[in-house]
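> Pasted the sequence and its predicted model underneath.
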Amino acid sequence: MGRLFGTDGVRGVANDDLSPELALRLGRAAAAVLAQAAGGRPRVLMGRDTRASGDLLEAALAAGLMSAGADVVPLGVITTPGVAFLTAQLGATAGAVISASHNPPEYNGIKFFSAEGRKLPDALEEEIESLIAAEPSAGAGAGLPAPVGGAVGRRQPEAAAAERYIEHLRSVVRSDLRGLRVVVDCAHGAAYRLAPEVWRRLGVRLTVLNDRPDGTNINVDCGSTSPEKLAEAVVREGADLGVAYDGDGDRVIAVDERGRVVDGDAILAVLARDLLARDALPHRTVVATVMSNLGLERALAAAGARLVRTKVGDRYVFEAMEAGGYVLGGEQSGHIILRQYAQTGDGILTGLVLADVMVRSGKPLSELASVVQPVPQVLVNVRVARKDGWEQEPAIRTAIRRAEERLGDAGRVLVRASGTEPLIRVMVEGDDEALVRELAGEIAGAVRHALGTG
């Protein structure tokens, strides 16, 4: 069996490679591992997004957990960061989320949070995988618990859970947002009820888009991956701010009052400068991934701050933040981690904090975000016959070295293998767009020649 857990849980096409049988086995194995780690009967919070397959996988995962002696607290449709927050707040053993985030509707996923509301450590994920691999079928033994009678796990609804999360989100806003005009794109996803409720309670003049999920429209031409209609609505409504979430609500992409998209890099810069002004950015450092634009690095340097880069994935961003004692980090895609408030990216929270900065500064978002001047960035995904050992290929190494020499300090080159697909990803960025495109093409050509085409 190949590795199940990626950087963000188990993903796949629901009822195909992510089957209810696999969800059941995940639940059984997770319950066993969590019971051992907690030294007692596990209590697992469970939430999901709005995909049609959510009911199916929720039932299977819950059955697996309860069959191995874990109690399940069903939260229904709720954002991923909501589950992470409530897991810690309610003293649960773990949290579980059924969602494929920004992926198309036919996909789904399962991921777990620790008792602290953090991504489950790799070691525990590996233990869960090893138990699944050892279990021949969904109902077989492999030494997993099979309690009977009163020892079987039960559902334990928590009526006021969502309200706790809403109050937490409201508490991060320090200024009066009443009168601010905001357009919110809920992506027909997990934030479709929560986000409008929070914004309304804060008194903003609100326009809501894509808040009618039908199980098949999540992320379809809407949300953080498709902010074009949000931009049109912001201009049409004369709004001050637009925010677009993804399917599980852990990302946000903003739109300024002129209808221009403000991505995760620009949001990081705006929040970093606000923290710097309040002497609240430890070590004057922001964490982002290798994919963040050179423009962010330059904007931070101009403000007297520095950028620490990590591998792609918000879990690596958080790990670096925790290790260095940093409070702000994120990804260009809109995963923003505000560690003083949350242990994971939270799209609703980030949008609220961004609005708070706008009101306190008295400046429009267009002005605040203008500090980041993105440099041209070209991404090429090269489908290959093989990707193992690509780093050792002389032709690829030579093409990368030559590109770096030609760019000098005015650009960057990043080449990496996809974790899930037969792809080598080539990214080149720099001030000269024509040169950037030329160099990306040369590296991609070297990759095709050395590794073949898939």
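Great, that's in hand.

> ok, now which ones touch Val208?
The contact partners of Val208, taken as C-beta atoms under 8 Å, 6 or more residues apart in numbering, are Val183, Val184, Cys186, Pro196. The C-beta positions use only the backbone N, C-alpha and C, and glycine is treated the same way.

> Any idea how many residues pack against the first one?
Think Val183. A count of nearby residues for Val183, using other C-beta atoms under 10 Å, gives 26.

> what does the second one give?
Neighbourhood size, Val184 [other C-beta under 10 Å]: 30.

> Please give the element, helix or strand, for it.
Using DSSP states H and E, Val184 sits within strand 181-185.

> Pairing partners for that strand, with directions?
Using DSSP bridges, the strands paired with strand 181-185 are strand 205-209 (parallel), strand 241-245 (parallel).

> what's the most buried one of those strands?
Ranked by mean neighbour count, the strands paired with strand 181-185 are led by strand 241-245 with a mean of 30 (mean count of other C-beta atoms under 10 Å).

> where's Val72 relative to Glu158, distance?
From Val72 across to Glu158, the span is 11 Å (C-beta to C-beta, to the nearest Å).

> These two: which has the busier surroundings?
Taking neighbours as other C-beta under 10 Å, Val72 and Glu158 compare with Val72 leading, 26 against 14.

> which residues does the more buried one contact?
By C-beta under 8 Å, 6+ apart, Val72 lies in contact with Val44, Met46, Ala62, Leu65, Met66, Gly153, Arg154, Arg155, Gln156.

> and it, helix, strand or coil?
Taking DSSP: H, G, I helix; E, B strand; the rest coil as the rule, one finds Val72 in the strand state.

> Leaving out the residues flanking it, which one is nearest to it?
Spatial nearest neighbour of Val72, excluding adjacent residues (C-beta to C-beta, 6 or more residues apart in numbering): Ala62 at 4.8 Å.

> Check what pLDDT that neighbour gets.
Predicted confidence (pLDDT) at Ala62: the value is 98.

> Run the chain-centre distance for whichever helix or strand it is part of.
Element membership for Ala62 (DSSP H and E) is helix 54-67. The chain centre lies 23 Å from the centre of helix 54-67; the measure is C-alpha atoms, centre = their mean, to the nearest Å.

> list the helices and strands it packs on?
Helix 54-67 sits against helix 20-38, strand 43-48, strand 71-77, strand 94-98, strand 107-113, with contacts defined as 3 or more C-beta pairs under 8 Å, 6 or more residues apart in numbering; DSSP states H and E.

> Buried residues, that helix. List them.
Using 16 or more other C-beta atoms under 10 Å as the test for burial, helix 54-67 gives Gly54, Leu56, Leu57, Glu58, Ala60, Leu61, Ala62, Ala63, Gly64, Leu65, Met66, Ser67.

> Closest to Ala115 out of these?
Closest approach to Ala115 among the buried residues of helix 54-67 (C-beta to C-beta): Leu65, at 15.1 Å.

> wait, doesn't that closest one sit right on Val152?
No: in this structure Leu65 lies outside contact range of Val152 using C-beta atoms under 8 Å: 10.6 Å.

> and the strands paired with strand 181-185 as TSV, adding distance to Gly389 and mean pLDDT?
Converted to TSV, the strands paired with strand 181-185 look like this (distance: least, C-beta to C-beta, whole Å; pLDDT from 0 to 100):
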stretch	distance to Gly389	mean pLDDT
strand 205-209	46	98
strand 241-245	39	98
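
> Now do the buried residues in the worst-scoring helix or strand of the chain on mean pLDDT.
Ranked by mean pLDDT, DSSP states H and E, the weakest helix or strand in the chain is helix 122-134, scoring a mean of 89. Within helix 122-134, the residues scored as buried using 16+ other C-beta under 10 Å are Leu124, Glu125, Glu127, Ile128, Glu129, Leu131, Ile132.

> what does that helix contact?
With C-beta under 8 Å, 6+ apart, helix 122-134 has contacts from 1, 3-5, 22, 25-26, 28-30, 32-34, 37, 112, 114, 142-144.

> got any ranges where the stretch 51-200 of the chain has weak pLDDT?
135-143 (pLDDT under 70).

> just the stretch 301-450 of the chain next, same as before
Within the stretch 301-450 of the chain, the stretches with pLDDT under 70 are 420.

> Show me where it has its helices.
For the stretch 301-450 of the chain, the helices defined by DSSP state H, counting those that start in this stretch cover 314-324, 347-361, 365-369, 394-407, 433-451.

> If you count neighbours, what's buried in the fourth one?
So that's helix 394-407. Ile396, Ala399, Ile400, Ala403, Arg406, Leu407.

> how distant is that helix from the center of its chain?
Distance, centroid of helix 394-407 to centroid of chain: 32 Å (C-alpha atoms, centre = their mean).

> Kindly format the C-alpha coordinates of that helix as PDB.
Taking C-alpha atoms only, helix 394-407 is exported to PDB below (Å, rounded to 0.1, in the frame of the first residue of the first chain):
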ATOM      1  CA  PRO A 394      23.400  16.400 -15.200                       C
ATOM      2  CA  ALA A 395      21.400  18.100 -17.900                       C
ATOM      3  CA  ILE A 396      18.700  19.400 -15.400                       C
ATOM      4  CA  ARG A 397      21.400  20.500 -12.900                       C
ATOM      5  CA  THR A 398      23.200  22.400 -15.700                       C
ATOM      6  CA  ALA A 399      20.000  24.100 -16.900                       C
ATOM      7  CA  ILE A 400      19.200  25.200 -13.400                       C
ATOM      8  CA  ARG A 401      22.700  26.500 -12.700                       C
ATOM      9  CA  ARG A 402      22.800  28.500 -15.900                       C
ATOM     10  CA  ALA A 403      19.400  30.000 -15.200                       C
ATOM     11  CA  GLU A 404      20.500  31.000 -11.700                       C
ATOM     12  CA  GLU A 405      23.600  32.600 -13.100                       C
ATOM     13  CA  ARG A 406      21.700  34.600 -15.700                       C
ATOM     14  CA  LEU A 407      19.100  35.800 -13.100                       C
END
